[in-house]
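>>> Dropping the sequence and predicted coords here.
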Amino acid sequence: MTPGWITTTLLDNDAAGGWAVARSREGFLHDTNGPLFPREWLKRQDLSVFAEHGIGHLDGEPVYLLELDSPADVPGCSWQGLRGFMLQGDHTLYKVLGYAAQIGTWAREHRFCGSCGQAMVQVPRERAMYCQACDLRSYPRISPSMIVLVTRGDDILLARSPRFVTGVYSTLAGFAEPGESAEDCLIREVREEVQLEVKNIQYMGSQCWPFPHSMMLGFHAEYAGGDIVPQADEIEDAQWFNIHELPPLPASRSIARYLIDLYVARRLGHAEPVLPG
Ligand SMILES: NC(=O)C1=CN([C@@H]2O[C@H](COP(=O)(O)OP(=O)(O)OC[C@H]3O[C@@H](n4cnc5c(N)ncnc54)[C@H](O)[C@@H]3O)[C@@H](O)[C@H]2O)C=CC1
Ligand SMILES: [Mg+2]
Ligand SMILES: [Zn+2]
């Protein structure tokens, strides 16, 4: 048995047994034991299953995703969104659910070929949807996104989007566009969102962010010039905050929080945090 969570294998849907998670537009089904259910038990419940996907092995046991048309009532169970599992609970289970959510969304959105409109089929032994009519393969979508902590000595630049929880400030982030390097994207996003220039860009690490399919590439950069001008509509407020007087910050498992905590720890000579995968 290989311990931990391994996502690479496609599984045989006709084989019995294993674990299963159920997902609807309300999130994942869970009870007091969490979101993993014995698969055969779950399939006996009154669920309208839209699709079933083998998604990997947890501690050597196969795990399947049941994608539902609608959130069913299962006695003793309730529904919780993926964000709730990110915020608290077992990190490995959150990784299982994050992967399940991305595969479920991708398979649902690629039932038909984007080129010719024919129905696509799942490719054996590969995580891909295939169009026989035009030989097109569609793989799970991952969107590279840059995230950067800009600093100026003991001050760090944090901003608020109107979408954030009230009071919370975070690092700047944005999606890469075709034709850009990660560094080009970072420089453009910082210009667009606050009209500042940065220098000494340093890659710090990455994180899967399954909301719905971002791959966060985390950077640190130093302030090089300009005055903060928040981008209309996107940035509600942006400020320099002294590391001793920080506002409410993003969730502890986010790479945004890691970038902030790491910089503060280094300035103060404290133990460095570990980036949650
Ligand atoms: N894990 C973390 O710590 C953090 C993760 N993020 C994530 O980073 C990503 C980018 O951050 P934002 O500031 O929202 O991006 P952004 O600054 O590029 O603006 C968002 C806008 O980009 C457009 N967009 C949406 N999906 C896109 C895609 N796949 N490619 C190109 N453009 C797209 C939409 O118009 C959307 O309103 C988001 O997924 C966000 O959830 C953001 C902050 C912290
Ligand atoms: Mg942004
Ligand atoms: Zn096609």
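Everything's here; your move. Ligands and ions are numbered 1, 2, ... in the order given.

>>> Now do the same for the closest residue to residue 109 other than its chain neighbours: its pLDDT.
Among residues not flanking residue 109 along the chain, residue 141 sits closest, at 8.0 Å (C-beta to C-beta, 6 or more residues apart in numbering). Yep, even glycine has a C-beta here, placed from its N, CA and C like the rest. In this model, residue 141 is scored at 95, pLDDT.

>>> Which helix or which strand is home to residue 141?
Using DSSP states H and E, residue 141 sits in no helix or strand.

>>> Next up, the contacts around it.
106, 109, 213 (C-beta atoms under 8 Å, 6 or more residues apart in numbering).

>>> measure it to ligand 3 for me?
As judged by C-beta to the ion, to the nearest Å, residue 141 and ligand 3 stand 17 Å apart.

>>> residues of stretch 153-165 that come out buried?
For stretch 153-165, the neighbour count (16 or more other C-beta atoms under 10 Å) marks 156, 157, 158, 159, 160, 161 as buried.

>>> Including distance to ligand 3, could those go into JSON lines?
Converted to JSON lines, the buried residues of stretch 153-165 look like this (distance: C-beta to the ion, whole Å):
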{"residue": "156", "distance to ligand 3": "48"}
{"residue": "157", "distance to ligand 3": "46"}
{"residue": "158", "distance to ligand 3": "45"}
{"residue": "159", "distance to ligand 3": "42"}
{"residue": "160", "distance to ligand 3": "43"}
{"residue": "161", "distance to ligand 3": "37"}
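
>>> List, out of those residues, those positioned next to ligand 2.
Among the buried residues of stretch 153-165, no residue sits close to ligand 2 (C-beta under 5 Å from the ion).

>>> isn't there a helix covering residue 94?
Yes - assessed by DSSP: H, G, I helix; E, B strand; the rest coil, residue 94 belongs to a helix.

>>> That one and residue 87 touch, don't they?
No - using C-beta atoms under 8 Å, residue 94 is not in contact with residue 87; the gap is 9.0 Å.

>>> where's residue 166, which helix or strand?
Assigned by DSSP H and E, residue 166 falls within no helix or strand.

>>> Which pLDDT value does the model give it?
95.

>>> how close does it get to ligand 2?
Residue 166 is 18 Å from ligand 2, by C-beta to the ion.

>>> dump the residue contacts of the residue most central in space within the chain.
Ranked by distance to the mean C-alpha position of the chain (C-alpha atoms, centre = their mean), the top residue is residue 209 at 1.7 Å. Applying C-beta under 8 Å, 6+ apart to residue 209 gives the contacts 145, 215, 216, 254, 255.

>>> again with residue 216
145, 146, 147, 173, 206, 207, 208, 209, 255.

>>> wait, is it part of a strand?
Yes - under three-state DSSP, residue 216 falls within a strand.

>>> who's it bridged to?
Taking DSSP bridges, one obtains residue 145, residue 207 as the residues bridged to residue 216.

>>> Over to residue 220?
Applying DSSP bridges, one finds that residue 220 bridges with residue 149, residue 202.

>>> Against ligand 1, how distant is it?
14 Å (C-beta to the nearest ligand atom, to the nearest Å).
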